[in-house]
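A.B. asks: Give me a model of this one.
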Amino acid sequence: MAPMKIYGWAVSPWMARALVCLEEAGAEYEIVPMSRCGGDHRRPEHLARNPFGEIPVLEDGDLTLYQSRAISRYVLRKYRPELLKEGDLEGSAMVDVWLKVEAHHEEPTLWPIIRNCIISPYVGFERDQAAVDESLGKLRALLPVYEAHLSACRYLAGDDVTAADLCHFGFMRYFMATEYAGVVDAYPHVKAWWDALLARTSVKKVIAGMPPDFGYASGNIP
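C.D. replies: Numbers count the residues shown, from 1 in each chain. You can find the predicted model right below:
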């Protein structure tokens with residue numbers, strides 16, 4: 001069987017969400033690199049894969065999927081359904097809960113901090129400190145929820161890693177590269193959870209393609 005193809009640029013936190021699940025699944029895949037700066041995501045051939053012009057896109061035989069969380073769930077359902085706790089009604093419900101928390105709370109809270117603290121200085125935009133401060137306020141309200149939950153279990157859906165944890169990786173990686181990473185130190189269970197994710201072979205492989213400056217300082221932006 002031909003390997004899956006995943007289209008995008010490896011520095012993207014959305015791409016990373018899918019890649020870390022592909023690695024955890026042990027799936028055979030190849031990255032089809034694209035250039036954001038070159039507008040590859042707006043070309044007709046990519047719009048045929050994803051009409052929204054976004055990445056990543058996964059091709060598995062005749063199946064084409066977009067949206068990183070859908071890709072992640074598909075890959076794990078195919079190769080490692082235990083990482084979704086399929087067959088365990090309560091366990092799979094907890095995976096779903098924390099995937100929703102990641103989608104509706106973690107990503108929207110971290111992205112303005114990442115965008116303003118890491119990307120804006122390189123692309124000529126002024127840093128919007130008010131937006132950063134607003135998001136930091138939201139984060140300081142969010143982290144105690146994670147801390148309380150993780151005080152009772154090692155990972156978000158129990159004592160074993162699941163898709164819920166893996167899908168947090170991409171945005172946490174870049175937040176922890178900002179000057180505000182120390183905020184997490186006040187929450188020892190959150191810090192232990194993050195350190196445990198960083199120790200995983202899958203995460204180590206994916207993070208190698210995610211320079212903390214998105215590649216701007218080196219000029220290696222996609």
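A.B. asks: So I114 is in contact with T178, correct?
C.D. replies: Yes - between I114 and T178 there is a contact under Cβ atoms under 8 Å: 6.6 Å. In short, each C-beta sits where N, CA and C put it, glycine included.
A.B. asks: neighbour count winner among these two?
C.D. replies: In this view I114 and T178 are compared by other Cβ atoms under 10 Å, and I114 has more residues nearby, 25 against 17.
A.B. asks: show me the contacts for the more buried one.
C.D. replies: Listed by Cβ atoms under 8 Å, 6 or more residues apart in numbering, the contact set of I114 reads 13, 171, 174-175, 178.
A.B. asks: ok, now P81?
C.D. replies: P81 neighbours (Cβ under 8 Å, 6+ apart): G87.
A.B. asks: Give me the neighbour count for L143.
C.D. replies: 17.
A.B. asks: For W194, see how far away it is.
C.D. replies: Distance of L143 to W194, given as Cβ to Cβ, to the nearest Å: 11 Å.
A.B. asks: show me where this protein has strands.
C.D. replies: Taking DSSP state E as the test, the strands found in the chain are 4-8, 29-33, 57-60, 63-66.
A.B. asks: Tell me how far the longest helix along the chain lies from the chain's centre.
C.D. replies: Looking across the chain with DSSP state H, the single longest helix is helix 129-150. From the chain centre to the centre of helix 129-150 is a distance of 18 Å (Cα atoms, centre = their mean, to the nearest Å).
A.B. asks: Which elements pack onto it?
C.D. replies: Secondary-structure packing of helix 129-150 (3 or more Cβ pairs under 8 Å, 6 or more residues apart in numbering; DSSP states H and E): helix 107-114, helix 188-198.
A.B. asks: who touches that helix?
C.D. replies: Helix 129-150 is contacted by residues 105-106, 109-110, 112-113, 116-117, 156, 180, 183-184, 186-190, 192-193 when judged by Cβ under 8 Å, 6+ apart.
A.B. asks: Return the set of buried residues in stretch 201-209.
C.D. replies: Residues of stretch 201-209 classed as buried by neighbour count (16 or more other Cβ atoms under 10 Å): 202-203, 206-207.
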